[in-house]
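1. Pasting the sequence and the predicted model now:
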Amino acid sequence: MWLLLFLLWMILNGRITLELVLFGIVIATAVTIFAYRVIGYPPRTDVRVIRNLPLLLLYLLDLLFEILKSAFTIMGMVFRAQEPDPVIVEFHSGLASKMQNVLLANSITLTPGTITVFQEEDRFVVHAVRRELADGIEESTFVRLLSRLR
């Protein structure tokens with residue numbers, strides 16, 4: 001967390017000077033201590049993120065690919081003036097943690113043509129503009145990659 005805060009500080013400042021680096025170290029340290037003590041952010045979360053970093057990067061690449069693929073599908077529908085074939089799908093993801101299920105719900109909503117209408121535990125209700133956008137959603141690469149997170 002500290003490293004991400006420090007990098008964000010440096011990126012937002014747009015230049016590297018000794019003064020900015022020193023201020024960045026102090027501010028990142030203060031925010032990290034605040035998060036640990038006041039908010040209750042456990043340090044073990046940082047360890048989990050670092051351990052899962054390659055898988056999370058793969059997940060982000062897959063999310064980007066699925067967003068682009070769905071966007072082109074929706075653009076094709078618009079250009080060909082196809083009628084939507086809306087469908088609501090209900091499924092259980094089988095994911096164990098709350099974080100995994102929230103990531104899945106947000107990923108579905110970020111993908112054009114699909115919206116997570118309801119999510120509780122591992123139960124999802126998803127609306128899709130076309131039936132083919134909802135086919136196989138319960139066995140998607142999102143679910144497979146998220147199930148590998150530790």
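-> Sure, I can see it. Numbering: from 1, shown residues only.
2. Got the domain ranges for the chain?
-> 2-46, 52-147 (automatic domain parsing).
3. ranking those domains by burial, who's on top?
-> With neighbours defined by mean count of other C-beta atoms under 10 Å, none of the domains of the chain is more surrounded on average than domain 52-147, at a mean of 15. Where you see a C-beta, it was placed from the backbone N, CA and C, and this is true even at glycine.
4. picking up where we left off before, including mean pLDDT, could the domains of the chain go into JSON lines?
-> Formatted as JSON lines, these follow (pLDDT from 0 to 100):
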{"stretch": "domain 2-46", "mean pLDDT": "93"}
{"stretch": "domain 52-147", "mean pLDDT": "94"}
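5. I'd assumed Val126 was in a strand, is it?
-> Yes - residue assignment for Val126, taken from DSSP: H, G, I helix; E, B strand; the rest coil, places it within a strand.
6. and the gap between it and Asn101?
-> Between Val126 and Asn101 the computed distance is 13 Å (C-beta to C-beta, to the nearest Å).
7. Repeat that for Ala134.
-> The span separating Ala134 from Asn101 equals 18 Å under the rule C-beta to C-beta.
8. Quick check: which element contains the closest residue to Val126 other than its chain neighbours?
-> Here the nearest residue to Val126 in space, its sequence neighbours aside, is Val89; by C-beta to C-beta, 6 or more residues apart in numbering that works out to 5.0 Å. Of the helices and strands defined by DSSP states H and E, Val89 is found in strand 87-92.
9. list the helices and strands that strand packs on?
-> Applying 3 or more C-beta pairs under 8 Å, 6 or more residues apart in numbering; DSSP states H and E, one finds that strand 87-92 contacts strand 123-128, helix 131-134.
10. Export the ones you listed to JSON lines and append columns for distance to Ala96.
-> Rendered in JSON lines, the data for those read as follows (distance: least, C-beta to C-beta, whole Å):
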{"stretch": "strand 123-128", "distance to Ala96": "14"}
{"stretch": "helix 131-134", "distance to Ala96": "24"}
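11. So for Arg148, which of the ones you listed sits nearest?
-> For the helices and strands packed on strand 87-92, proximity to Arg148 was assessed by C-beta to C-beta; strand 123-128 is nearest, at 18.8 Å.
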